[in-house]
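> build me a model from this:
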Amino acid sequence: MTTARMSKGEQPPASGAPCDGPAHGPGGAGRTPGREVLARVDGLELSFGGLVALHDVTFDVRAGEILGLIGPNGAGKTTFFNVLTGVHRPNRGRILLEGRPVTGLPKHRITRRGIARTFQNIRLFSGMTALENVMVGADARHRTSVPGALLRLPRHRREEERARTDARALLEFVGIGQHADQTARNLPYGEQRRLEIARALATGPRLLCLDEPAAGSTPAEKDRLLELIRAVRDRGVTVLLIEHDMRLVMRVTDRIVVLDHGQVIADGAPGDIREDPRVVAAYLGVPTDAA
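I've put the predicted structure just below:
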């Protein structure tokens with residue numbers, strides 16, 4: 001196993017270039033020869049004062065894979081998500097989505113380009129219903145102008161009705177359709193997690209970034225989450241997953257990138273990552289039983 005890096009000045013291949021490597025991974029689709037690059041992370045650097053949060057972070061996200069991003073606390077995982085989704089602007093480097101740069105774009109434009117995320121700490125509109133929360137996500141895809149929405153012109157009404165129908169379907173997809181009309185704050189914790197995933201999917205992403213979706217979940221909820229993540233991938237959405245539950249990560253991912261002190265220290269198949277001495281020293285401590 002080798003860490004995926006590019007030398008300074010090396011130009012990345014165009015989006016859609018095939019990726020070499022054997023098929024593997026427990027997630028089903030695996031990492032197959034010829035799989036296209038969906039997103040390319042190239043030499044990201046980010047500092048906060050004297051603290052280097054990300055240093056020369058470089059890796060690819062391949063279309064149709066479930067990619068794990070792991071590392072000890074403070075490794076830079078959520079910081080990377082914040083750069084990817086426009087919360088922070090890097091000092092150097094770039095991110096390409098389907099060959100087009102997204103680095104430095106406003107958050108709403110990155111969402112429209114096809115990147116959505118959930119958060120480590122759930123961020124729902126607690127006083128709105130589950131259905132309304134998902135419909136808010138669909139707003140990212142609407143094209144009606146503000147005057148059109150205020151006047152409730154026919155186009156706006158059509159978009160609103162379509163969003164309502166799609167939102168109900170997404171709630172069914174994540175397994176909480178029966179709670180469509182329930183206020184978000186009154187949902188059980190695990191179902192709030194699922195609601196946040198449904199809202200992110202409503203934006204129509206190509207890449208869904210999940211930030212510790214299993215945090216606080218019971219073992220049974222984690223098993224259902226694993227199946228949901230696979231189902232999301234089977235819908236054609238690539239998944240980038242931050243998660244501390246290594247049993248879940250090893251079971252669901254096709255490939256894993258490991259960060260430590262803001263740097264990529266390993267990139268490979270789950271089995272290889274589990275045995276990599278750098279990863280064991282930095283994070284895992286002992287090999288993880290993924291059975």
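
> tell me where this structure has strands.
In the chain, strands defined by DSSP state E lie at 18-19, 35-48, 51-62, 66-70, 92-97, 100-101, 115-117, 207-211, 238-242, 255-260, 263-268, listed in chain order.

> worst mean pLDDT among these?
Note on these: strand 18-19 shows the lowest mean pLDDT, a mean of 38.

> surely residue 39 is in contact with residue 207?
Yes - under the criterion of C-beta atoms under 8 Å, residue 39 makes contact with residue 207 at 5.9 Å. For every residue, glycine as well, the C-beta is placed using N, CA and C.

> quick revisit: and of the strands of the chain, who's closest to residue 173?
strand 207-211 (12.7 Å; C-beta to C-beta).

> now find how far off-centre the closest one is within its chain.
Centroid separation between strand 207-211 and its chain, computed with C-alpha atoms, centre = their mean, to the nearest Å, is 1 Å.

> partner strands of that strand, with direction?
strand 115-117 (parallel), strand 238-242 (parallel) (DSSP bridges).

> could those strands go into JSON lines alongside mean neighbour count and distance to residue 135?
Converted to JSON lines, these look like this (neighbours: other C-beta atoms under 10 Å; distance: least, C-beta to C-beta, whole Å):
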{"stretch": "strand 115-117", "mean neighbour count": "25", "distance to residue 135": "15"}
{"stretch": "strand 238-242", "mean neighbour count": "23", "distance to residue 135": "23"}
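
> quick check: residue 167 touching residue 134?
Yes - counting by C-beta under 8 Å, residue 134 is a contact partner of residue 167 at 3.8 Å.

> overlap in contacts of those two?
198, 202 (C-beta atoms under 8 Å, 6 or more residues apart in numbering).

> who has more neighbours, these two?
residue 134 (29 against 25; other C-beta atoms under 10 Å).

> contact partners for the more buried one?
Applying C-beta under 8 Å, 6+ apart to residue 134 gives the contacts 167, 170, 171, 195, 198, 199, 202.

> now with 10 Å, please.
Contacts here follow C-beta atoms under 10 Å, 6 or more residues apart in numbering; on that basis residue 134 touches 128, 163-164, 166-171, 174, 176, 180, 195-202.
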